[in-house]
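In: Attaching a predicted model along with its sequence, questions to come.
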Amino acid sequence: MAGKLISEMGLPTSIANIFAARNILTAKDALLLNEFELMELLDVDLDAVKSSIAQISASVCPPYQTALQLMQERVDKEYLGGHFPTTLKGLDKALFGGIPFGALTELVGPAGIGKTQFCLKLSLLAALPTSCGGLNGHVIYVDTESKFSSRRLIEIGESCYPQIFHVKGMAKEYFSLQVGLWFCNQQHFLNSPRGCSKLSSLYCRTNDHERHVKAPRRDALGWHVSFLKSLAELSRVPIVVTNQVRALSTNHALSYSFQADRKSELARNRDISESHLIPALGMHWAHAVNVRLVLEAHSGQRFIKLAKSPISPPLSFPFIITSAGISLLNDDGMEVSGTEINSILNEGGVIVSAGEE
């Protein structure tokens, strides 16, 4: 805006001609000078200078908005600040409506815990018509591990929405238009920033990494996580990503002096030490996500834990996986506190910390 021409700002012709004659052509040229310098250069009175500067400033400065006006605008346009219900009532209540729009939501947990099942259910719900509780939206599902199963997606649909999926040809016709797939391997995704421009729709499931992720690969994710977060915020769409877990050595995990007692305990118990797990993509990624859902297993039961949210308390919900996808066993949720919030539990009673890397 600083380069906008003064001749295009609607000043009186006589004043605009004087600016042009003195080689003051843009808003920047005029606003870098004080009123007295302009009076001297233009040879006009102070009132004329003040009037001209006010008009130039109004032309190049965007109108301001107060925080109250921004909040009211968000309320008036509910879809810009809404939530996408997951149909898991307890989780939706804890998230004040579901997966938030304009934010990056992460699913983290060990392989086979149910992350793919959760993503398939979300893809299904996003593409369903609003009359069935969906968003009637479009989905981009980025699969770097070839785990997407259209057969499983239809199985979930048939169990949850028979009125749509039991009509011959309806599911195939509908979802061929609504769900877009992008299959690529991890290395191609990491080395292809241009590929991220394809993520301009509703969901993204990306980078469900193997257990051992090297530092250079994590560093390569910096551009991608920034892009995804900007895409969510600017387009006001919910984006969901997944994250694996990996083992962390005792020396790396407990490197502070106040952790000496815990370090000695792990050294004595090799089973716990060798099973110490953290999210695979590291702390840079962890700080970038807005909401973190941890899927874990302990005491013979699977749990989905709301570990990070700007508005919600940490809660844990037991769940099972059925033909209809993920289903909660308890909508009330169990409160978690202290180290339990950032821990990841795996079958066998192993406590793993997500916040000590």
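Out: All right, it came through fine. It should be emphasised that the depicted structure is a prediction, and the values quoted were computed from it without experimental measurement.
In: any idea how the protein splits into domains?
Out: Annotated domains of the chain cover 6-60, 80-353 [automatic domain parsing].
In: Confidence-wise, which of the ones you listed is weakest overall?
Out: Note on those: lowest mean pLDDT is at domain 80-353, with a mean of 75.
In: Which of the domains of the chain sits closest to residue 67?
Out: domain 80-353 (14.0 Å; C-beta to C-beta). C-beta here means a position set from N, CA and C on the backbone, and glycine is covered the same way.
In: The residue nearest to the spatial centre of the chain and residue 244, how far apart?
Out: Central residue of the chain (C-alpha atoms, centre = their mean): residue 104, 1.1 Å from the mean position. Distance from residue 104 to residue 244, counting by C-beta to C-beta, to the nearest Å: 17 Å.
In: Ok, residue 107 next?
Out: Distance of residue 107 to residue 244, given as C-beta to C-beta: 10 Å.
In: Confirm for me that residue 149 is in contact with residue 117.
Out: No: counting by C-beta atoms under 8 Å, residue 149 stays clear of residue 117, with 9.9 Å between them.
In: higher neighbour count, these two?
Out: Higher neighbour count among residue 149 and residue 117: residue 117, with 19 against 14, using other C-beta atoms under 10 Å.
In: Was I right to think that one contacts residue 323?
Out: No: counting by C-beta under 8 Å, residue 117 does not reach residue 323; the two are 10.7 Å apart.
In: what do these two both touch?
Out: By C-beta atoms under 8 Å, 6 or more residues apart in numbering, residue 117 and residue 323 have no common neighbours.
In: Near the residue nearest to residue 157 when sequence neighbours are not counted, how many other residues are there?
Out: Leaving aside its sequence neighbours, residue 157 sits nearest to residue 165 (C-beta to C-beta, 6 or more residues apart in numbering; 4.3 Å). Using other C-beta under 10 Å, residue 165 has 20 neighbouring residues.
In: heads up, I number from 882, so please use that
Out: Happy to do that; since the first residue is 882 now, the last one works out to residue 1046.
In: Enumerate the positions of the helix or strand residue 951 falls within that are buried.
Out: Applying DSSP states H and E as the criterion places residue 951 in helix 948-957. Buried residues in helix 948-957, defined by neighbour count with 16 or more other C-beta atoms under 10 Å: none.
In: before we move on, what about stretch 922-936?
Out: 922-923, 925, 929-930, 933-934.
In: among the domains of the chain, which is nearest residue 953?
Out: With C-beta to C-beta as the yardstick, what comes closest out of the domains of the chain is domain 961-1234 (11.3 Å).
In: how about the strands in the stretch 882-1031 of the chain?
Out: 964-965, 980-981, 985-989, 1020-1024 (DSSP state E, counting those that start in this stretch).
In: ranking the domains of the chain by burial, who's on top?
Out: Sort the domains of the chain by mean neighbour count, taking mean count of other C-beta atoms under 10 Å, and domain 961-1234 sits at the top with a mean of 17.
In: Isn't residue 1002 up against residue 967?
Out: Yes: the pair residue 1002 / residue 967 is scored as a contact, 7.3 Å apart, by C-beta under 8 Å.
In: before we move on, back to that, residue contacts, the residue nearest to the centre of the chain?
Out: Residues in contact with residue 985, defined by C-beta under 8 Å, 6+ apart, are 1106, 1109-1110, 1113, 1120, 1122, 1169-1172.
In: just to revisit the earlier point, if I look at the residue nearest to residue 1038, how far off is residue 909?
Out: Taken as C-beta to C-beta, the span from residue 1046 to residue 909 is 61 Å.
In: Residue 992 now?
Out: Distance from residue 992 to residue 909, by C-beta to C-beta: 57 Å.
In: what do you get for residue 1037?
Out: Taking C-beta to C-beta, one finds residue 1037 at 58 Å from residue 909.
In: Right, I'll leave it there.
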